[in-house]
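In: Fold the stuff below for me.
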Amino acid sequence: MAQTDAAVEKPGRFSRLLRRDSDGYATVRMGAAAAVVVEHAVPLSNHGPSFIPVSLHTNLGVIAVSVFMAISGYFVTQSWDRDPSWWRYLVRRFLRIFPALAVVVLVSAYVIGAVVTTLPLREYLTNPMTSGYVKHNLVLYPVMYNLPEVFTGNVYGPAVNGSLWSLPVEVIGYLLVAVAGVIGAIRYRFLVVVAAFGSAALLQRFLTQQVEIGTPTLGIPTHALLLFMPMFLFGMAAYLYREKIRFTWLGIALCVGVEIIMFGSTMAEITRGVTVTYIALALGKLLPRALILPAWIAPASYGVYLWGFPVEQSIMYFGPRSQWELMALALPITLVIALLSWYYIEKPGMALRGVIFRLARWRPRRAAAVPSSDAPAPVPVPVPVPVPAAAGVVASSLPDPAVTPGAPSTEAVVVISAPSSTDPASANGQSPPAGVVVVNGASAPDPTPQSAPAITSPQTPTQTQTPPQTPATAPAPAG
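Out: Down below sits the predicted model:
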């Protein structure tokens, strides 16, 4: 029997490792991140400009980042739609991007750079270029790629993390969603479609040298900004028109056909915004469950993207490698670091959202006023309490709004007052005469007719006054 129970429980121990998400979007992002590592391995090992043939006029990295931008535009717009609060939206975006970015920048500057630099350690640490690398990359303006005398002997050159260039484009997309949401442009979704096609047309005219735009723009390479912002906008439009879009394998095939037909055309940049966005989102929706990565691996795609370049440069620092050797070494090492980043930096950082939202909703209660010795004593407030019929205390019957007029009331109200030394009845220990109520030590006629008996309500609980309590923490908003 024990063996049978063990056999039944054993699969459950590994169920978390084998569990998969209900869709394949995280898997598609992980595939795009791995494609960036593969693409970088070729130039970093000095084996050509790109993993795919140059005759195709693109490269694997551009395709991968386009997929990232399209999916990001879709889900970031969904995030705003679910909670259209500008400050909570910005908190979510900040905690998703910057904790992992801060760690990779600091480790690159003060661990990797300190180990491989040819400068004396003290000179390296005090070099303005080192502190500048950290300062500028933490705010993503402008992005810096080199550290003093770091990777200077590598075949590619001294760049420490060439993947950082795309993050400002991503952040601009985030801000674009926030601005569109605040001014209400998202409610008019056709405007997003117009902006998407307009930005794609601007890219086409820029590439064909029909317009000139300064380089860089907003501290970002103009070509990169114009190349990937249309993908983000088309992702936004896809979410806003999600009820009208059907993702099918036939649709994917049609998009591939359009790309083949438009290959080499100057209009390909406009059609590519639609085709790449559709293919990326459709793959996430239609990916067979057997191809979806386990849920404990898939979320680490951002870490793979951030860490791939410095890992590959570090490998090349210790000796020349072929592109295949570099890929074989870099991919597993990068994945391990990315998983550590996800579980110990990114995921805990995202959990801070709930803490921040709860703190923002907490409001201290106004402290109860403490009367001074000079202030007059407050007039007692009538408190409903059950009064026994033989208690010798006069009760006045007040009308109950829930009872038909003329019917006897079920509420008894007793005016309670502390004994006063000036009250002769209280001083002599005598009870007040019938038909008299004691209020603040003074006697007053009882408005209740003497013929009417005191009405008591044993079901009415005795109410007691309690001091104000410290307010409990309010629950975090959904999402």
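In: show me what contacts residue 67?
Out: Contact analysis of residue 67 by Cβ atoms under 8 Å, 6 or more residues apart in numbering lists 28, 29, 32, 276, 280. C-beta here means a position set from N, CA and C on the backbone, and glycine is covered the same way.
In: meant to ask about residue 169
Out: Neighbours of residue 169 in contact, by Cβ under 8 Å, 6+ apart: 69, 220, 224, 225, 228, 229, 232.
In: any chance of those in CSV, plus pLDDT, secondary structure and distance to residue 78?
Out: Shown next, in CSV, are these (pLDDT from 0 to 100; DSSP: H, G, I helix; E, B strand; the rest coil; distance: Cβ to Cβ, whole Å):
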residue, pLDDT, secondary structure, distance to residue 78
69, 97, helix, 15
220, 72, strand, 25
224, 85, helix, 25
225, 88, helix, 23
228, 94, helix, 19
229, 94, helix, 19
232, 97, helix, 13
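In: Excluding chain neighbours, give the residue nearest to residue 204 in space.
Out: Take residue 204 and drop its neighbours on the chain: the residue closest to it by Cβ to Cβ, 6 or more residues apart in numbering is residue 269, 4.5 Å away.
In: ok, the residue nearest to residue 245 when sequence neighbours are not counted - how many residues close by?
Out: With Cβ to Cβ, 6+ apart as the criterion, residue 245 has its nearest non-adjacent residue at 6.2 Å, and that residue is residue 238. Residue 238 is flanked by 26 other residues according to other Cβ atoms under 10 Å.
In: try the one 4 residues further on
Out: Other residues lying near residue 242 total 14 when counted by other Cβ under 10 Å.
In: quick one: the residue nearest to residue 204 from residue 197, how far?
Out: Distance of residue 269 to residue 197, computed by Cβ to Cβ, to the nearest Å: 11 Å.
In: thought residue 91 was touching residue 353?
Out: Yes. At 6.0 Å, residue 91 counts as touching residue 353 under the criterion of Cβ atoms under 8 Å.
In: Can you add pLDDT, distance to residue 166 and neighbour count and give the contacts of residue 67 back as TSV?
Out: Formatted as TSV, those follow (pLDDT from 0 to 100; distance: Cβ to Cβ, whole Å; neighbours: other Cβ atoms under 10 Å):
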residue	pLDDT	distance to residue 166	neighbour count
28	97	17	26
29	97	13	26
32	97	11	24
276	96	15	22
280	97	15	27
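In: And those, which two are furthest apart?
Out: Spatially, the most separated pair among those is 29 and 276, at 14.1 Å (Cβ to Cβ).
In: Residue 269 and residue 197: which is more packed in?
Out: Under the neighbour definition other Cβ under 10 Å, residue 269 and residue 197 were set side by side, and residue 269 has more, 21 against 17.
In: show me the contacts for that one.
Out: Per Cβ under 8 Å, 6+ apart, neighbours of residue 269: 200, 203, 204, 207, 230.
In: Does it lie in a helix or a strand, and which?
Out: helix 268-286 (DSSP states H and E).
In: pLDDT of the helix or strand just after that helix, averaged?
Out: Using DSSP H and E, the helix or strand that follows helix 268-286 in sequence is helix 301-317. Regarding helix 301-317, the rounded mean pLDDT is 97.
In: Buried ones in the very next helix or strand once past helix 301-317, by neighbour count?
Out: Later in the chain than helix 301-317, the nearest helix or strand by DSSP H and E is helix 323-341. By neighbour count with 16 or more other Cβ atoms under 10 Å, helix 323-341 contains the buried residues 323, 326-327, 329-331, 333-335, 337-339, 341.
In: quick one: helix 323-341 to helix 301-317, angle?
Out: For helix 323-341 against helix 301-317, the angle by axes from the mean of the first three to the mean of the last three Cα atoms, to 10 degrees is 130 degrees.
In: following helix 323-341, which helix or strand comes up?
Out: Following helix 323-341 in sequence, per DSSP H and E, is helix 347-361.
In: ok and that next one relative to helix 323-341, angle-wise?
Out: Using the same axes, to 10 degrees: helix 347-361 against helix 323-341 is 40 degrees.
In: Give me the contacts around stretch 19-33.
Out: 64-65, 67-68, 71, 75, 280, 283-287, 289, 291-302, 304-305, 308.
In: out of those residues, which are buried?
Out: For the contacts of stretch 19-33, a burial check counting by 16+ other Cβ under 10 Å picks out 64-65, 67-68, 71, 280, 283-284, 287, 292-293, 295, 297-302, 304-305, 308.
In: Any idea how many residues pack against residue 309?
Out: Neighbours of residue 309 (other Cβ under 10 Å): 25.
In: now it: how far from residue 75?
Out: From residue 309 to residue 75 the distance is 24 Å (Cβ to Cβ).
In: So which residues of this structure form strands?
Out: For the chain, the strands defined by DSSP state E occupy 383-384, 396-397, 412-414, 436-439, 442-445.
In: as a whole number, average confidence for the last one?
Out: Okay, so that is strand 442-445. Over the span of strand 442-445, the pLDDT mean works out to 46.
In: shaky segments in the stretch 301-450 of the chain?
Out: The stretch 301-450 of the chain contains residues with pLDDT under 70 at 363-450.
In: I'd say the residue nearest to residue 245 and residue 281 touch.
Out: Yes. Residue 238 is within contact range of residue 281, at 5.8 Å (criterion: Cβ under 8 Å).
In: any residues in contact with both of these two?
Out: Joint contacts of residue 238 and residue 281 (Cβ under 8 Å, 6+ apart) are 70, 74.
In: Kindly provide the distance from the residue nearest the centre of the chain to residue 75.
Out: Nearest residue to the geometric centre of the chain (Cα atoms, centre = their mean): residue 92, 2.8 Å. Distance check for residue 92 against residue 75: by Cβ to Cβ, it reads 11 Å.
In: Over to residue 21?
Out: 13 Å.
In: overlap in contacts of these two?
Out: Here residue 21 and residue 75 share no contacting residue, scored by Cβ under 8 Å, 6+ apart.
In: Now do the buried residues in stretch 122-129.
Out: Buried, per 16+ other Cβ under 10 Å, within stretch 122-129: 124, 125, 127.
In: Restricting to C-alpha, output it in PDB.
Out: Taking C-alpha atoms only, stretch 122-129 is exported to PDB below (Å, rounded to 0.1, in the frame of the first residue of the first chain):
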ATOM      1  CA  ARG A 122      41.500  51.900  -8.300                       C
ATOM      2  CA  GLU A 123      41.900  53.800 -11.500                       C
ATOM      3  CA  TYR A 124      39.100  51.900 -13.200                       C
ATOM      4  CA  LEU A 125      36.700  52.500 -10.300                       C
ATOM      5  CA  THR A 126      37.400  56.200 -10.200                       C
ATOM      6  CA  ASN A 127      37.300  56.700 -13.900                       C
ATOM      7  CA  PRO A 128      34.400  59.000 -14.900                       C
ATOM      8  CA  MET A 129      33.600  56.600 -17.800                       C
END
